[in-house]
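[1] Build me a model from this:
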Amino acid sequence: MIELWTWNTPNGRKISVALEEMGLPYTVKTVNISKDEQFNPEFLAFSPNNRIPAIIDPDGPGGTPITVFESGAILLYLGEKTGKFLPRELRARVPVLEWLMWQMGGFGPMPGQVHHFLQQPEGAARDYGLARYGKETRRLYGVLEKRLAGREYVATDGEPSVADFAILGWAWRHERHEVPFDDLPNVAAWYDRMMARPATAKGFEIALS
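    Got it, this is the predicted structure:
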């Protein structure tokens, strides 16, 4: 049974959703980042960047245990392990990799900065941070809106991919980073479509904290 070491964050939710969708048995090992538990030596032994999530799979390649840190790497590993939500054929796989990297490089770091500055005291620094990162976050939502025009899923046809799981983890917090879906009908339809999937819904319901 896979051990998911995590906390209730967008990056953690990416993996709980993927595990549910892939039908993999797992247990949750909470890492309370509000108490700096991500710096505990036990966790750092297999997640050296002191960030959640990370997994321990006792049934790794060749039947031997493996650890994986970084949410994007975990999604790719799980897709390879199960053969689900990650196309085998290279041409079909490339868009999944592109949109997964898009999420990891922007649609996560940018709204994450919005979350940070929203918690800062009123003043010039807060205003500057929200203006800068809020603008970029809204731009990224616009990119996603255009991509989803006439599409059910971000990178594949007929079913979601690990890229959808990654992006959904952050879209889940869209209200927190102050982006309503009022003028994003394609994103709204995709979001509802994903959340209507029973396994995805369960991935958001399971306790991670």
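
[2] just checking, what packs against the helix or strand where residue 139 lies?
    Using DSSP states H and E, the element containing residue 139 is helix 124-147. Packing partners of helix 124-147 (3 or more C-beta pairs under 8 Å, 6 or more residues apart in numbering; DSSP states H and E): helix 109-118, helix 185-195. (Each C-beta comes from the backbone N, C-alpha and C, glycine too.)

[3] how about JSON lines for those helices, with mean pLDDT, distance to residue 85 and mean neighbour count added?
    Output for the helices and strands packed on helix 124-147, formatted as JSON lines (pLDDT from 0 to 100; distance: least, C-beta to C-beta, whole Å; neighbours: other C-beta atoms under 10 Å):
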{"stretch": "helix 109-118", "mean pLDDT": "95", "distance to residue 85": "23", "mean neighbour count": "18"}
{"stretch": "helix 185-195", "mean pLDDT": "98", "distance to residue 85": "12", "mean neighbour count": "17"}
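
[4] To residue 130, which of the ones you listed lies closest?
    Smallest distance to residue 130 across the helices and strands packed on helix 124-147 (C-beta to C-beta): 5.0 Å, for helix 109-118.

[5] Helix 124-147 and the closest one, what's the angle between them?
    150 degrees (axes from the mean of the first three to the mean of the last three C-alpha atoms, to 10 degrees).

[6] and helix 109-118, what does it pack onto?
    So helix 109-118, by 3+ C-beta pairs under 8 Å, 6+ apart, packs with helix 124-147.

[7] Could you check how far residue 121 is from residue 111?
    20 Å (C-beta to C-beta, to the nearest Å).

[8] Tell me which stretches of this structure form helices.
    10-22, 41-44, 71-82, 90-105, 109-118, 124-147, 162-171, 185-195, 198-205 (DSSP state H).

[9] Highest mean neighbour count out of those?
    Greatest average neighbour count among the helices of the chain goes to helix 162-171 (a mean of 28), per mean count of other C-beta atoms under 10 Å.
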